[in-house]
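Enquirer: no sequence for this one, just the structure:
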């Protein structure tokens, strides 16, 4: 998982806590991270522009995004107002905003692009 943390702009996991692998590595990389968001892989879609607050645990969908992702996005193109939000356990402070990348298997992680927010069930070593 470590190579993906280097290019991610944040992390959301369905399970985990303060000492889970994803939380610890996110803090090491200075990434905002929210864990314990049951159903996150079903609640979000790859390409949605989301904002996650690692201090409050709130994840908001800012825009439905587009079906094709580029390596960057322009926050000026986002409309105001939330489409939906989810709440989890905040474990690494900071705010991340970017395209979501929903990853259910490690093989899917290879499609991740720089600046995306990784959303997955768990990042523990045993899962890989």
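Expert: Perfect, thanks for sending it. From a predicted model like this one, the values you see are computed outputs, not experimental measurements.

Enquirer: ok, and what's touching the longest strand anywhere in the chain?
Expert: Scanning the chain for the strand with the most residues, using DSSP state E, yields strand 95-102. For strand 95-102, contacts defined as C-beta atoms under 8 Å, 6 or more residues apart in numbering pick out 8-10, 31-32, 41, 44-55, 62, 65, 69, 73, 75, 108, 111-113, 115-120. Where C-beta positions appear, they are placed from N, C-alpha and C, glycine not excepted.

Enquirer: and with 6 Å instead?
Expert: By C-beta atoms under 6 Å, 6 or more residues apart in numbering, the residues outside strand 95-102 that reach it are 9-10, 32, 41, 44, 46-53, 65, 69, 112, 115-119.

Enquirer: can you say which of those residues are buried?
Expert: Neighbour counting with 16 or more other C-beta atoms under 10 Å marks 9-10, 32, 41, 44, 46-53, 65, 69, 112, 115-119 as buried within those.

Enquirer: low-confidence regions, this protein specifically.
Expert: 66-84, 125-128 (pLDDT under 70).

Enquirer: from residue 11, how far out is residue 20?
Expert: To residue 11, residue 20 is 10 Å away according to C-beta to C-beta, to the nearest Å.

Enquirer: again, but for residue 5
Expert: Taking C-beta to C-beta as the measure, residue 5 falls 7 Å from residue 11.

Enquirer: could you do residue 22 as well?
Expert: 5 Å.

Enquirer: this protein: helices as residue ranges?
Expert: 2-5, 21-29, 40-43, 106-109 (DSSP state H).

Enquirer: tell me which of those sits most buried.
Expert: helix 21-29 (a mean of 19; mean count of other C-beta atoms under 10 Å).

Enquirer: give me the distance from the longest strand of the chain to the chain's centre.
Expert: 5 Å (C-alpha atoms, centre = their mean, to the nearest Å).

Enquirer: ok, it: who's next to it in the sheet?
Expert: Sheet pairing for strand 95-102, assigned by DSSP bridges, gives strand 49-53 (antiparallel), strand 117-120 (parallel).

Enquirer: would you list the ones you listed in CSV and tack on distance to residue 95?
Expert: Shown next, in CSV, are the strands paired with strand 95-102 (distance: least, C-beta to C-beta, whole Å):
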stretch, distance to residue 95
strand 49-53, 5
strand 117-120, 11
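
Enquirer: thanks a lot, see you next time.
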